[in-house]
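Engineer: sequence isn't available, so here's the structure alone:
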């Protein structure tokens, strides 16, 4: 079990719980579940932020909360509850009365396990990793202890007279004798988070994230057993003969082992390939894979992590296998859209209905009404300023500020001993917004030869000449150009996000996006489109995707983790409303790396006075025309 992470979370929850009321409703609602204490096929005892509680397999609260001041719990075969207070382990009978108490000598206990004869425990006498462990003989009251060479991940009984210790680092599993702590056998299975099940005379089951592996004996190689759920934020797994109980995102869930085993034994005939640079964990992608394979058992979905850029057009033209679905970022999506190989989803009723539950994002559609992709990750850009510095600006900064207002802040920055903004030689701050509004490389439109652009370039050149724009990082800046996510953490941030200055009266936030696209000419085109239908559904999106840039549903209550967010104050309503406003005013940022290189050359020449503003504008237009012509 991920005890170190869990202890940190428990401390956070305790601090927050002290100043909040739990959500109203039925008993069991508004509970944060940390790990499974004990379970059978029908019900589970769990450690929660309220104490020890018992839930049925369908989520009904059966008992508790009990002993809310305790840190950890265990149950013995007779049903007696054991709990920890500081370094002591206390046994209580069916009425809750204290029956016995043992001192462990450990300052902070991390886990306890109990059978008829012994009590196992792990813990730490310092602020560092859990390394201490011990065994208490209940009859003689003798305590034997040891210190592991590395951090301990878990402890569990192997049989009545021996126990298992799972150690971190390279990953080592020990079996030791309860009465003497004598090492009986060991192996090196690799890194695992915990022990899901230890069976006398049978295999041991270890888990890491959402994967469970089986170890037949200490001389055998580990076997893949099954993949559990679709989310890597699993805190604990506890297996019984028929049921797998697990805690995912602080919620208790369960699955039948037979169902998951049957799924793992299927033999698909076809493969649906998703090609793209999958360098972040996407629970939605994994959930869609699971649902698709249930609906189409003849298919296996294979995700290949490979950077997709304009060169993929060659593979699409040759109709090479492996390109059924493409994960493409907006840096290179225009050229691939223009290739004619992507399926137009604008008349797909299922996807259109799914998008009705999303935040309004007009940039998903092309100017001519076509819809190619469904979003996976969206990063709008804006300007940030420290709140303490914003307070020093007379009159503040208006929500509908303009680029003229932006330039006027140079004097305020100078008074504070700052430059106005840090920039690079691609003129990212200025050009990303302008290009997203005045250029559409899908429809073949690019307008740099107008007075608006000319005035912006002249202003940027003047600010650069005056030292208000810094290019070498040598000075701190008043404003910072950065991604504008919806905020998860309830702690007050020291900065305020500003929308981009209005451009000719238009509130435009440049948006960088990863999206999934279907290859219209793949032999699996229908299956690819069906996968996008599933991926874009509320059922998939509600599982959450580890980051504010993947919050697309218009109501936070649609998300599975909403009760936890609400209790902890995550995603405050004000921030979420701001996020919705940002996306509704988003403008797609699509460009070419070849164009970027040319921009860098032109900016360098302009700043060194090798070309004039008019020449810069003309060269920008010529570069865009050449790119569109390709």
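Structural biologist: Perfect, I can see it now. Just so you know, these numbers come straight off a predicted model, no measurement behind them.

Engineer: give the contact list for residue 146.
Structural biologist: 132-134, 181 (CB atoms under 8 Å, 6 or more residues apart in numbering). C-beta here means a position set from N, CA and C on the backbone, and glycine is covered the same way.

Engineer: so it: helix, strand or coil?
Structural biologist: Following DSSP: H, G, I helix; E, B strand; the rest coil, the label given to residue 146 is strand.

Engineer: thinking again about what came up before, kindly reformat the contacts of residue 146 as JSON lines and extend each row with neighbour count.
Structural biologist: Formatted as JSON lines, the contacts of residue 146 follow (neighbours: other CB atoms under 10 Å):
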{"residue": "132", "neighbour count": "23"}
{"residue": "133", "neighbour count": "24"}
{"residue": "134", "neighbour count": "20"}
{"residue": "181", "neighbour count": "16"}
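
Engineer: check which helices and strands the biggest strand by length in the chain sits against.
Structural biologist: Ordering each strand of the chain by length in residues (DSSP state E) puts strand 373-386 first. Other elements packing on strand 373-386 under the criterion 3 or more CB pairs under 8 Å, 6 or more residues apart in numbering; DSSP states H and E are helix 428-438, strand 477-483, strand 495-498, strand 509-518, helix 573-584.

Engineer: which one of those lies closest to residue 596?
Structural biologist: helix 428-438 (9.2 Å; CB to CB).

Engineer: can you report phi and psi for the residue of the chain positioned farthest from its centre?
Structural biologist: For the chain, the largest distance from the centre (CA atoms, centre = their mean) belongs to residue 140, which lies 49.0 Å off. Backbone torsions of residue 140, given as degrees, to the nearest 10, read phi -90, psi -20.

Engineer: nearest to residue 251 among the contacts of residue 146?
Structural biologist: residue 133 (29.5 Å).

Engineer: still on that earlier bit, now the helices and strands packed on strand 373-386 in JSON lines, with mean pLDDT?
Structural biologist: Listed next are these as JSON lines, based on pLDDT from 0 to 100:
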{"stretch": "helix 428-438", "mean pLDDT": "93"}
{"stretch": "strand 477-483", "mean pLDDT": "92"}
{"stretch": "strand 495-498", "mean pLDDT": "86"}
{"stretch": "strand 509-518", "mean pLDDT": "93"}
{"stretch": "helix 573-584", "mean pLDDT": "88"}
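
Engineer: so for residue 611, which of the ones you listed sits nearest?
Structural biologist: helix 428-438 (16.2 Å).

Engineer: what's the closest of the helices and strands packed on strand 373-386 to residue 626?
Structural biologist: helix 428-438 (15.2 Å).

Engineer: for that closest one, give me every contacting residue.
Structural biologist: 381, 383, 421, 423, 446-448, 450, 452-453, 456-457, 460, 481, 500, 503, 506, 508-511, 587-591, 599.

Engineer: buried set for stretch 445-455?
Structural biologist: Buried positions in stretch 445-455, judged by neighbour count with 16 or more other CB atoms under 10 Å: 446, 448, 453-454.

Engineer: next: stretch 61-72.
Structural biologist: Result for stretch 61-72 [16+ other CB under 10 Å]: buried residues 64-67, 70-72.

Engineer: of all the helices and strands packed on strand 373-386, which one is nearest residue 170?
Structural biologist: Nearest of the helices and strands packed on strand 373-386 (CB to CB): strand 509-518, 34.7 Å.

Engineer: which pLDDT value goes with residue 229?
Structural biologist: Per-residue confidence (pLDDT) for residue 229: 67.

Engineer: I meant residue 78, not that one.
Structural biologist: If you check residue 78, the pLDDT there is 86.

Engineer: now the helices for the stretch 1-150 of the chain?
Structural biologist: 3-17 (DSSP state H, counting those that start in this stretch).

Engineer: where does it dip in pLDDT?
Structural biologist: Flagging of the stretch 1-150 of the chain using pLDDT under 70 yields the residue ranges 1-29.

Engineer: if we use 50, what do you get?
Structural biologist: Applying pLDDT under 50 to the stretch 1-150 of the chain picks out residues 2-27.

Engineer: now do the strands in it.
Structural biologist: 33-39, 43-48, 51-56, 61-66, 73-75, 81-85, 88-92, 98-103, 108-114, 118-124, 132-137, 143-147 (DSSP state E, counting those that start in this stretch).

Engineer: quick one on the thing from earlier: so which of the contacts of residue 146 is the closest to residue 336?
Structural biologist: Of all the contacts of residue 146, residue 336 sits closest to residue 133, with 55.8 Å by CB to CB.

Engineer: which strand residues bridge the closest one?
Structural biologist: residue 122, residue 146 (DSSP bridges).

Engineer: please renumber the chain so that the first residue is 321 from this point on.
Structural biologist: In the new numbering, first residue 321, that becomes residue 453.
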